[in-house]
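sequence first, then the predicted structure:
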Amino acid sequence: MGEDRNGTIECESYGPSIDRVSQKKETSGLFDAFGTHPIVGDGWNCRSIDISNGPGIYQMRAFMPSLDHRGATPPMISELTIGVDIMDWKKLMFRLELYLSSL
């Protein structure tokens, strides 16, 4: 990525059903994440969010090589915006305690 925040995302894959697939996509401006879309990948990508303003819904600009949650499709780079709901930790723990006490 250059000083002007423009650059190129590249993705390459190989598989018996698709052979070798390569893709390049030009991008402009900052983005928060590039990666696959399983829940562990989403969790990792959420680390890029600045939560200093506290709980709320944050928008994360991301590029994914596969929108399949298993990453099981060939690379077709897609840009998407993910809304991430950051919860208040104390409220979340209180709900968990209520749930556990009801068991």
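Happy to help now that I have it.

helices or strands up against the worst-scoring helix or strand of the chain on mean pLDDT?
Sorted by mean pLDDT, DSSP states H and E, the helices and strands of the chain end with helix 39-46, the least confident at a mean of 78. Using 3 or more Cβ pairs under 8 Å, 6 or more residues apart in numbering; DSSP states H and E, the elements in contact with helix 39-46 are strand 56-64, strand 78-86. For every residue, glycine as well, the C-beta is placed using N, CA and C.

determine which stretch of the ones you listed is the most buried.
Comparing the helices and strands packed on helix 39-46 by mean neighbour count (mean count of other Cβ atoms under 10 Å), strand 56-64 ranks first with a mean of 16.

pairing partners for that strand, with directions?
strand 33-34 (parallel), strand 78-86 (antiparallel) (DSSP bridges).

mean confidence for that strand?
Strand 56-64 carries an average pLDDT of 89.

just the C-alpha atoms of that strand, please, in CSV.
The C-alpha trace of strand 56-64 is given here as CSV (Å, rounded to 0.1, in the frame of the first residue of the first chain):
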residue,chain,number,x,y,z
GLY,A,56,-21.6,0.1,20.2
ILE,A,57,-21.8,-1.0,16.7
TYR,A,58,-18.6,-0.5,14.7
GLN,A,59,-18.2,-0.8,10.9
MET,A,60,-15.2,-2.9,9.7
ARG,A,61,-14.1,-2.6,6.1
ALA,A,62,-12.8,-6.0,5.0
PHE,A,63,-11.7,-8.0,2.0
MET,A,64,-12.3,-11.7,1.9
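
list of residues touching that strand?
Residues from elsewhere that reach strand 56-64, judged by Cβ atoms under 8 Å, 6 or more residues apart in numbering: 9, 25, 27, 29-37, 45-46, 48-49, 51, 77-86.

at 10 Å what do you get?
9, 11, 25, 27, 29-37, 41-42, 45-46, 48-51, 71, 73, 75-88 (Cβ atoms under 10 Å, 6 or more residues apart in numbering).

buried ones in the least confident helix or strand of the chain?
If you call a residue buried by 16 or more other Cβ atoms under 10 Å, then helix 39-46 has these buried ones: 41, 42, 45, 46.

off-centre distance for it?
The chain centre lies 6 Å from the centre of helix 39-46; the measure is Cα atoms, centre = their mean, to the nearest Å.
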